[in-house]
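Q: build me a model:
(7 chains)
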Amino acid sequence: MKVKPLADRVMVKLEKGEEKTAGGIIIPDTAQEKTQTGVVVEVGDDKDVIKVKSGQKVMYDKYAGTQVKIDGAEFLILKMSDIIAVIE
Amino acid sequence: MKVKPLADRVMVKLEKGEEKTAGGIIIPDTAQEKTQTGVVVEVGDDKDVIKVKSGQKVMYDKYAGTQVKIDGAEFLILKMSDIIAVIE
Amino acid sequence: MKVKPLADRVMVKLEKGEEKTAGGIIIPDTAQEKTQTGVVVEVGDDKDVIKVKSGQKVMYDKYAGTQVKIDGAEFLILKMSDIIAVIE
Amino acid sequence: MKVKPLADRVMVKLEKGEEKTAGGIIIPDTAQEKTQTGVVVEVGDDKDVIKVKSGQKVMYDKYAGTQVKIDGAEFLILKMSDIIAVIE
Amino acid sequence: MKVKPLADRVMVKLEKGEEKTAGGIIIPDTAQEKTQTGVVVEVGDDKDVIKVKSGQKVMYDKYAGTQVKIDGAEFLILKMSDIIAVIE
Amino acid sequence: MKVKPLADRVMVKLEKGEEKTAGGIIIPDTAQEKTQTGVVVEVGDDKDVIKVKSGQKVMYDKYAGTQVKIDGAEFLILKMSDIIAVIE
Amino acid sequence: MKVKPLADRVMVKLEKGEEKTAGGIIIPDTAQEKTQTGVVVEVGDDKDVIKVKSGQKVMYDKYAGTQVKIDGAEFLILKMSDIIAVIE
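A: Have a look, this model is predicted:
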């Protein structure tokens, strides 16, 4: 079973409990209880709009997207425009 | 008797009481009392916009669409843009 | 005397007291005291937009349109975009 | 002295106290204390948009337009898009 | 010293205390304490949009524009789209 | 050190305490504690949009722009569309 | 590890405790506890829109962007349209 995002949407696997990542990135203030980074696992087929690919770690706008849980893991289905940066 | 959605709309049959589906998909948080997945039963005729077809299981935005009951079954008439993913 | 809707508008005759129609369609929840189906009686002349015709039974968005009473019968003047489905 | 509406605007003379017209049209509910029909007396010069002419009786959206009184008679200056139907 | 409105803006000199004009035009209801007519004194240079000229008496939307006082006289700088009619 | 506004923005030096200018222009009502005129000191490079130049005295919409202080003088960075008139 | 802003976004390193810069620029009023200037460190790849480059000191709209902390330093990921001026 697979969830395939439509059009300009991207599915991201959330990182749990990594308030401070290995590289030292911390999401501050009101966002602190919510991670704002994740790894892309699926992308929609609107190739003109989607500029990220599976495996990339991304940062996204707070409160964006729809949460989904699959087998205990948390995912977020986001619009491409809600993804603000790639973490390399 | 048949309900035929117009233009870019899609009619979806809701899944009852399947908070946790066979594949383990759970819709979390405030959405928990509302399923956010269903099976497409009818589509409008705006072929450029509609990217799903009858029989596909889809996930949609919370609070989207208009509810309809036919012979005890619950349906939702949604705009294509409210459908965020296909579940394969 | 005739009321002729303009442009992309459609005039619909409301169905009274048919909370549950012959075919079993029920409009649930908060909408229950308001029927959301009616029969098209007049259409505007914007032929590119209007996709319904006189005699068709349609379903429309809640709170849409302007109510009119003629000789005791209730009508609604709706924009085509407020009509979500045709009931066949 | 004459008031000439600009662009896509239409000037309508309101009908006083005709809650129920000869043909039986009644404007129901919260609108009842406000007539929603009038006779076109002047139109703007945006010919592509304006689809009514002087002398036609029209129905318009509630709360639309700007009220004007000339010699005791009440008028409304409306945008063409606020006029929803012609009464023939 | 001169105030020259920019682009699609029009400068109008307000009429003081003329709640009822010579021709009998009265602005009713909540607008009564505010005149809604004035005489055009300057126009911006967006010739495609501006359809009034200096010396014309115009009627405008309530609450539109920015008030200016020059030597005791009151003026209003309005967008052309806020001017609804010319009074001839 | 120089602040250079970007795109369609204009930087204006505010006039202090000149509630009533030499030519008698007064900004009335709720705006009285805020001057609404200033002198253009820098403009962005969107030449199609910017219709004012350094040295011109301009009038702008209330509450528009971002305030900046440089060496005790007050400036405002405005969008061109917030500038409503040139004072000659 | 590097954060690379997407599309029309720009990453800016905030200046700490420099309420009054060397050149005397002060951000006044309600913004005083928040610096509104920073140095560009990374830009997205939408070359038509992005008009600033790494190393430039910029001023941006209050409350714009998403805050990020990397190794104790504060950054902001902004849309180009939120950057109002370059400080030279």
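
Q: where in chain A is pLDDT low?
A: Judged by pLDDT under 70, chain A has its weakly predicted residues at A:16-35.

Q: residue in it nearest to chain F?
A: Closest residue of chain A to chain F, Cβ to the nearest Cβ: A:Ile84 (20.1 Å). Where you see a C-beta, it was placed from the backbone N, CA and C, and this is true even at glycine.

Q: for A:Val3, name its beta-bridge partners.
A: B:Ile87 (DSSP bridges).

Q: can you pull the contacts of it?
A: A:11, A:42, A:68, A:70, A:75, A:77, B:25, B:59, B:85-88 (Cβ atoms under 8 Å, 6 or more residues apart in numbering or on different chains).

Q: among those residues, which are in strands?
A: The strands, defined by DSSP state E, take in A:11, A:42, A:68, A:70, A:75, A:77, B:25, B:59, B:85-87 from the contacts of A:Val3.

Q: and of those residues, the nearest to chain E?
A: Chain E lies nearest to A:Ile77 out of the ones in strands among the contacts of A:Val3, by Cβ to the nearest Cβ, at 40.2 Å.

Q: isn't that closest one up against A:Met11?
A: Yes - with contact defined as Cβ atoms under 8 Å, A:Ile77 reaches A:Met11; the gap is 5.2 Å.

Q: identify the contacts common to those two.
A: Here A:Ile77 and A:Met11 have A:3, A:5, A:68, B:85 as joint contacts, going by Cβ under 8 Å, 6+ apart.

Q: hmm, back to that, who's more crowded, A:Ile77 and A:Met11?
A: A:Met11 (26 against 23; other Cβ atoms under 10 Å in any protein chain shown).

Q: for chain G, see how far away the nearest residue to that one once chain neighbours are set aside is.
A: Spatial nearest neighbour of A:Met11, excluding adjacent residues (Cβ to Cβ, 6 or more residues apart in numbering or on different chains): A:Glu42 at 4.1 Å. A:Glu42 is 18 Å from chain G, where distance means Cβ to the nearest Cβ, to the nearest Å.

Q: OK, contacts around A:Glu42?
A: Applying Cβ under 8 Å, 6+ apart, the residues contacting A:Glu42 are A:2-5, A:10-11, A:54.

Q: ok, 6 Å please
A: The contact partners of A:Glu42, by Cβ atoms under 6 Å, 6 or more residues apart in numbering or on different chains, come to A:4-5, A:11.

Q: gap between the residue most central in space within chain A and chain D?
A: Geometric centre of chain A, nearest residue: A:Val12, 3.6 Å, by Cα atoms, centre = their mean. Relative to chain D, A:Val12 is positioned 42 Å away (Cβ to the nearest Cβ).

Q: so that residue touches A:Leu76, yeah?
A: Yes - with contact defined as Cβ atoms under 6 Å, A:Val12 counts as touching A:Leu76 (4.9 Å).

Q: list the contacts of the residue in chain A positioned nearest to chain E.
A: Proximity to chain E, evaluated over chain A using Cβ to the nearest Cβ, is greatest for A:Ser81 at 30.3 Å. If a contact means Cβ under 6 Å, 6+ apart, then A:Ser81 has no contacts.

Q: that one belongs to a strand, doesn't it?
A: No - in this structure, A:Ser81 is helix, not part of a strand, as judged by DSSP: H, G, I helix; E, B strand; the rest coil.

Q: excluding covalently adjacent residues, which one is nearest to the residue nearest to the centre of chain A?
A: A:Gly38 (3.6 Å).

Q: can you list the residues of chain A near chain B?
A: Residues of chain A that fall close to chain B, judged by Cβ under 6 Å from any Cβ of the partner chain: A:1-6, A:9, A:66-67, A:69-71, A:77.

Q: overlap of the contact sets of A:Val12 and A:Leu76?
A: With Cβ under 6 Å, 6+ apart, A:Val12 and A:Leu76 have no common neighbours.

Q: please identify which pair of the shared contacts of A:Ile77 and A:Met11 lies farthest apart.
A: Across these, no pair lies farther apart than A:Pro5 and A:Val68, at 10.1 Å, counting by Cβ to Cβ.

Q: out of the two, which sits in the busier spot?
A: A:Pro5 (27 against 23).

Q: that one contacts A:Met11, correct?
A: Yes - with contacts counted by Cβ under 6 Å, A:Pro5 reaches A:Met11, the gap being 4.8 Å.

Q: kindly check the end-to-end length of stretch A:53-71 for me.
A: 23 Å (Cα to Cα, to the nearest Å).

Q: in that stretch, which residues are buried?
A: A:56-61, A:65-70 (16 or more other Cβ atoms under 10 Å in any protein chain shown).

Q: ok, A:Ala64 - contacts?
A: Neighbours of A:Ala64 in contact, by Cβ under 6 Å, 6+ apart: A:78, A:82.

Q: roughly how far out does stretch A:52-68 sit from the chain middle?
A: Counting by Cα atoms, centre = their mean, to the nearest Å, stretch A:52-68 is centred 2 Å from the centre of its parent chain.

Q: typed the wrong thing, it's stretch A:50-58
A: On Cα atoms, centre = their mean, the centre of stretch A:50-58 falls 9 Å from that of its chain.

Q: how long is it end to end?
A: 13 Å.

Q: how about stretch A:60-79?
A: End residues of stretch A:60-79 are separated by 10 Å (Cα to Cα).

Q: please state the offset of it from the chain centre?
A: Counting by Cα atoms, centre = their mean, stretch A:60-79 comes out at 7 Å from the chain centroid.

Q: do stretch A:36-50 as well
A: That offset, for stretch A:36-50, works out to 8 Å (Cα atoms, centre = their mean).

Q: assign a three-state SS to A:Val49, would you?
A: coil.

Q: what is the burial count for it?
A: Other residues within reach of A:Val49, judged by other Cβ under 10 Å, total 16.

Q: and for the residue nearest to it when sequence neighbours are not counted, the neighbour number?
A: Nearest non-adjacent residue to A:Val49, counting by Cβ to Cβ, 6+ apart: A:Asp8, 4.4 Å away. For A:Asp8, the neighbour count with other Cβ under 10 Å is 18.

Q: quick check: A:Asp8 vs A:Leu78, distance?
A: Between A:Asp8 and A:Leu78 the distance is 10 Å, computed by Cβ to Cβ, to the nearest Å.

Q: again with A:Asp46
A: When A:Asp46 is compared with A:Leu78 (using Cβ to Cβ), they lie 13 Å apart.

Q: looking at the two now, which is surrounded by more residues?
A: When A:Asp46 and A:Leu78 are compared for neighbours, A:Leu78 comes out ahead with 24 against 14, by other Cβ under 10 Å.

Q: what's the closest non-adjacent residue to that one?
A: For A:Leu78, ignoring the flanking residues on the chain, the nearest one in space by Cβ to Cβ, 6+ apart is A:Gly65 at 3.9 Å.

Q: separation between the one you found and A:Phe75?
A: Here A:Gly65 is placed at a distance of 9 Å from A:Phe75 (Cβ to Cβ).

Q: also A:Val41?
A: 7 Å.

Q: closest to C:Ile50 among the buried residues of stretch A:53-71?
A: Nearest to C:Ile50 among these, with distances taken as Cβ to Cβ, is A:Thr66, at 34.1 Å.

Q: list the contacts for the residue nearest to that closest one when sequence neighbours are not counted?
A: Of all residues beyond its chain neighbours, the one nearest A:Thr66 is A:Ile77 (4.9 Å), with distances taken as Cβ to Cβ, 6+ apart. Listed by Cβ under 6 Å, 6+ apart, the contact set of A:Ile77 reads A:5, A:9, A:11, A:65-66, B:84-85.
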